[in-house]
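> Okay, predicted coordinates and the sequence, questions at the end:
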Amino acid sequence: MPDFIEPALLLSLRDITKIYTIGDQEVHALDGVDLDIYHGEFVAIMGPSGSGKSTLLNIIGCLDAPSGGSYELDGIDVSEMDETEQAHVRNQRIGFVFQGFNLLPRTTALKNVELPLLYGHRKDLTEVATAALEKVGLGDRLYHKSSQLSGGQQQRVAIARALSMNPPLILADEPTGNLATKQSEEIMGIFQQVNNEG
Ligand SMILES: Nc1ncnc2c1ncn2[C@@H]1O[C@H](COP(=O)(O)OP(=O)(O)OP(=O)(O)O)[C@@H](O)[C@H]1O
Ligand SMILES: [Mg+2]
């Protein structure tokens, strides 16, 4: 018996292209991307502005379709799915954290985190959402509305929301882009902690 466990492949992109056409202008935003990511990995995608990072994340997150190439997530061929199936994959397998937090402003932290659980038809939503908020250090802010939280706290709510369905994949597009240095370090620390805890 081997004394190590081989990590399982989480996602696999092959020769992914994305061409945007605006009028008679074609933008080759992605030009043949191959990428494998394994369960438990913590990966950063870096590159200059306009190099296609957001385009790639949107494709990995099933928010946009590639122009060509293949994409498998957890052994499922995502490129062949229709929109309803992709929405299901997003809800069950992917948590999103965006630069602008994307929370409902006049809604409490708890309700914001409960939302994906509601779509996922979880019955224990309040307990699960509370646990996710406690995990990011917001156990004492459950009933604050997003608009009553600091930027760093709002991003922590967004992370709790991404964690709530316990997805194998969390995608974050410049999650610290709107935050000051100290808050940014806190947010990256939380991602690191979440990754370490599996
Ligand atoms: N919806 C769109 N329609 C047309 N062109 C687009 C669209 N979205 C992005 N592009 C173009 O595709 C290229 C890649 O854009 P993308 O947003 O992926 O870059 P990025 O690496 O995320 O940049 P940044 O660091 O500034 O966020 C850019 O040249 C951009 O102008
Ligand atoms: Mg971007």
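Now that the structure is in, tell me what you want to look at. Ligands and ions are numbered 1, 2, ... in the order given.
> and the end-to-end length of stretch 42-50?
Stretch 42-50 has its terminal residues 23 Å apart, counting by Cα to Cα, to the nearest Å.
> Would you mind listing the buried residues in that stretch?
Neighbour-count burial for stretch 42-50 flags no residue at all (criterion: 16 or more other Cβ atoms under 10 Å). For every residue, glycine as well, the C-beta is placed using N, CA and C.
> contacts for it?
The contact list for stretch 42-50, computed with Cβ atoms under 8 Å, 6 or more residues apart in numbering, reads I37, K53, L56, L57, F191, Q192, N195.
> Redo the residues you listed as TSV? Include secondary structure.
TSV is the format used below for the contacts of stretch 42-50 (DSSP: H, G, I helix; E, B strand; the rest coil):
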residue	secondary structure
I37	strand
K53	helix
L56	helix
L57	helix
F191	helix
Q192	helix
N195	helix
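> Narrow the residues you listed to those that are buried.
Applying 16+ other Cβ under 10 Å to the contacts of stretch 42-50, the neighbour count classes I37, K53, L56, L57, F191 as buried.
> Closest to Y143 out of the contacts of stretch 42-50?
Distance ranking of the contacts of stretch 42-50 against Y143, using Cβ to Cβ, places F191 first at 25.3 Å.
> so how far is ligand 2 from that closest one?
Taking Cβ to the ion, to the nearest Å as the measure, F191 falls 17 Å from ligand 2.
> Please tell me I have it right and that residue contacts I159.
Yes: counting by Cβ atoms under 8 Å, F191 sits close enough to I159 to count as a contact (7.3 Å).
> Skipping adjacent residues, who's closest to whichever residue of the chain sits closest to ligand 2 in space?
Nearest residue of the chain to ligand 2: S54, at 3.1 Å (Cβ to the ion). Nearest residue to S54 in three dimensions, chain neighbours excluded: D173, at 5.6 Å (Cβ to Cβ, 6 or more residues apart in numbering).
> Please look at that neighbour and Q99 and confirm they touch.
Yes: D173 is within contact range of Q99, at 6.0 Å (criterion: Cβ under 8 Å).
> residues in this structure within reach of ligand 2, list them.
Within the chain, the positions adjacent to ligand 2 are K53, S54 by Cβ under 5 Å from the ion.
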